[in-house]
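Student: sharing a model that was predicted from the sequence below.
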Amino acid sequence: MTFVSRFYCDYGYNISVGENFYANHNLIILDGNRVRFGDNVFIAPSCTFSTAGHPIDKERRNKGLEYAHPITVGDDVWFGANVTVLPGVKIGSNVVIGAGSLVNKDIPDNSLAFGNPCKVIREITEKDLENLWEYKKNHGLEE
């Protein structure tokens, strides 16, 4: 488990991380509820995971009421820079979330997703692995 400097959280005890976890600079986890990260999760700089929210109606909000819904992240997930994940979101395994995304809905397994709001753009397939090897071959990087 590796955290680069400037990690902020509310409590810390509601956060669990799997094997081979990496978080870059300026990670914020508002863990009023459970935040679970699977194995092989990589988080780019300036990402936020917030379980906390406030009522929309002013009467309850002005009384200081808030809620916290858990966030769950599967295995083999990569978050680009400046991603924000909102309360109650479940992100599947083998997922890439593009930089600058606002994740306000669940993301299924094997997805490339990005945007504001974050949307699944396409499924991650074996073709993505083939493209990597083609890139290596064309750039003299073969193993």
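Tutor: Noted; the coordinates are in hand. Numbering: from 1, shown residues only.
Student: how many other residues sit next to residue 84?
Tutor: Counted with other Cβ atoms under 10 Å, residues neighbouring residue 84 total 20. To be clear about C-beta, it is placed using only N, CA and C from the backbone, and glycine gets the same treatment.
Student: go on, residue 51?
Tutor: When neighbours are defined as other Cβ under 10 Å, residue 51 has 23 of them.
Student: which residues touch it?
Tutor: 14, 30-35, 68-71, 87-88 (Cβ atoms under 8 Å, 6 or more residues apart in numbering).
Student: now do residue 121
Tutor: Neighbour list for residue 121: 98, 111, 112, 113, 114, 115 [criterion: Cβ under 8 Å, 6+ apart].
Student: please redo it, this time with the cut-off set to 6 Å
Tutor: residue 112 (Cβ atoms under 6 Å, 6 or more residues apart in numbering).
Student: verify the stated contact: residue 29 with residue 49.
Tutor: Yes - between residue 29 and residue 49 a contact is recorded at 4.8 Å, counting by Cβ atoms under 6 Å.
Student: now do the shared contacts for those two.
Tutor: Taking Cβ under 6 Å, 6+ apart as the criterion, residue 29 and residue 49 both touch residue 35.
Student: for the contacts of residue 51, pick the one with the most neighbours.
Tutor: residue 71 leads these on contacts (other Cβ under 10 Å) with 26 neighbours.
Student: phi, psi of it?
Tutor: The phi and psi torsions at residue 71 (degrees, to the nearest 10) take the values phi -120, psi 130.
Student: for it, which non-adjacent residue is closest in space?
Tutor: In this structure, residue 71 finds its nearest non-sequential neighbour in residue 35, 4.8 Å apart by Cβ to Cβ, 6 or more residues apart in numbering.
Student: separation between that neighbour and residue 29?
Tutor: 5 Å (Cβ to Cβ, to the nearest Å).
Student: kindly report the same for residue 56.
Tutor: 24 Å.
Student: for residue 87, same thing?
Tutor: For residue 87, the distance to residue 29 equals 12 Å [Cβ to Cβ].
Student: ok, residue 96 next?
Tutor: 20 Å.
Student: ok, now residue 120?
Tutor: 24 Å.
Student: okay, the two: which has more neighbours?
Tutor: Remark: of residue 120 and residue 29, residue 29 carries more neighbours, 23 against 16, as counted by other Cβ under 10 Å.
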